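No letters, just coordinates:
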């Protein structure tokens, strides 16, 4: 049971390039989330999904797209990277119950030059 | 709206000292409250949680009590160790009425550094 895994661990992009971050969970969780972590700002929700084939916007969705084609995977895409998207990205997942805990992946560190 | 305010760090303590990290919240309804810990280079791990007023969450010697009257959830530990050095996040999860999910609202995090 690997829990929540994220690929890649670290990436450097040039402004305007695109990339996809992959989050995978093997706990059969219904809900999945993408956050970004920036110094002094805690974690902010980018997008989330309450089930296969569904996605919704969080606090800071601009410049990102997501897809949840399979229950175990949640993809975060950057179509045209900007330096403001330099951050550490965390994926999380949880069961659907009201009091269920979110479980986090190890993070992806992204640097946009 | 919902928000979490926690004390700014860094908090620097000597081993075996008493720890308090303050956390207060603003929320409509009846949120659940959490403390997450992030060790260097890792993701966040749930440390403890409380789901209703006067509940006490505890784990690994850490405790926090859900105080509705003061809207607080302060983290405490009686004797810290070097291995407790990490960033601690307070968070709340408020039911999104009519919506489909509980979203976590995080504080900005408090860095704890414990010196031997």
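Good, I have the coordinates. Computed from a predicted structure; not experimentally measured. Residues are numbered from 1 along each chain as shown, chains lettered A, B, ... in the order given.

Buried residues in stretch B:34-51, which are they?
For stretch B:34-51, a neighbour-count test (16 or more other CB atoms under 10 Å in any protein chain shown) marks B:34-38, B:43-44, B:46-50 as buried. (C-beta placed from N, C-alpha, C; glycine too.)

and these near chain A, which?
Filtering these for proximity to chain A by CB under 8 Å from any CB of the partner chain leaves B:34, B:36, B:43-44, B:46, B:49.

Let me see the mean pLDDT of stretch A:20-35.
Taken as a whole, stretch A:20-35 has a mean pLDDT of 95.

Ends of it, what's the gap?
End-to-end distance for stretch A:20-35: 14 Å, by CA to CA, to the nearest Å.

what does stretch A:80-88 give?
Termini of stretch A:80-88 sit 17 Å apart (CA to CA).

Show me what from chain B comes close to chain A.
Residues of chain B lying near chain A (CB under 8 Å from any CB): B:4, B:32, B:34, B:36, B:41-46, B:49, B:51, B:89, B:95, B:100-104, B:106-109.

same for whichever helix or strand residue B:104 is part of, what does it pack against?
In the assignment (DSSP states H and E), residue B:104 maps to strand B:103-106. Counting contacts by 3 or more CB pairs under 8 Å, 6 or more residues apart in numbering or on different chains; DSSP states H and E, strand B:103-106 packs against strand A:43-51, strand B:3-6, strand B:86-94.

Just checking: what are the partner strands of it?
When pairs are called by DSSP bridges, strand B:103-106 turns out to pair with strand B:86-94 (antiparallel).

Return the item of the buried residues of stretch B:34-51 having minimum pLDDT.
Lowest pLDDT among those: residue B:43, 87.

Residue A:90 is in contact with that one, correct?
Yes: the criterion here is CB atoms under 8 Å, and residue B:43 meets it with residue A:90 at 5.8 Å.

Mind listing the shared neighbours of the two?
Counting by CB atoms under 8 Å, 6 or more residues apart in numbering or on different chains, the contacts common to residue B:43 and residue A:90 are A:104-105, A:107.

Now, the residues you listed that are in strands?
residue A:104 (DSSP state E).

among the shared contacts of residue B:43 and residue A:90, which are in reach of chain B?
Within the shared contacts of residue B:43 and residue A:90, those near chain B by CB under 8 Å from any CB are A:104-105, A:107.

Rounded mean pLDDT for the strand holding residue B:104, please.
So the average pLDDT for strand B:103-106 ends up being 84.

The residue nearest to residue B:3 when sequence neighbours are not counted: how many residues sit nearby?
Residue nearest to residue B:3 in three dimensions, not counting chain neighbours: residue B:26, with 4.8 Å by CB to CB, 6 or more residues apart in numbering or on different chains. The local packing of residue B:26 (other CB atoms under 10 Å in any protein chain shown) involves 13 other residues.

how much space between residue B:26 and residue B:107?
Residue B:26 sits 12 Å away from residue B:107, going by CB to CB, to the nearest Å.

likewise residue B:68?
18 Å.

Centroid-nearest residue for chain A?
The residue lying closest to the centre of chain A (CA atoms, centre = their mean) is residue A:34, at 2.9 Å.

Surely it and residue A:67 touch.
No: the criterion here is CB under 8 Å, and residue A:34 misses it with residue A:67 at 11.2 Å.

which neighbours do these two share?
With CB under 8 Å, 6+ apart, residue A:34 and residue A:67 have common neighbours residue A:74.

Which residue, neighbours along the chain excluded, lies closest to residue 42?
Chain wasn't specified; assuming chain A. Residue A:42 sits nearest to residue B:106 (CB to CB, 6+ apart), 4.0 Å away.

look at chain B instead
residue A:106 (5.9 Å).

Lovely, talk soon.
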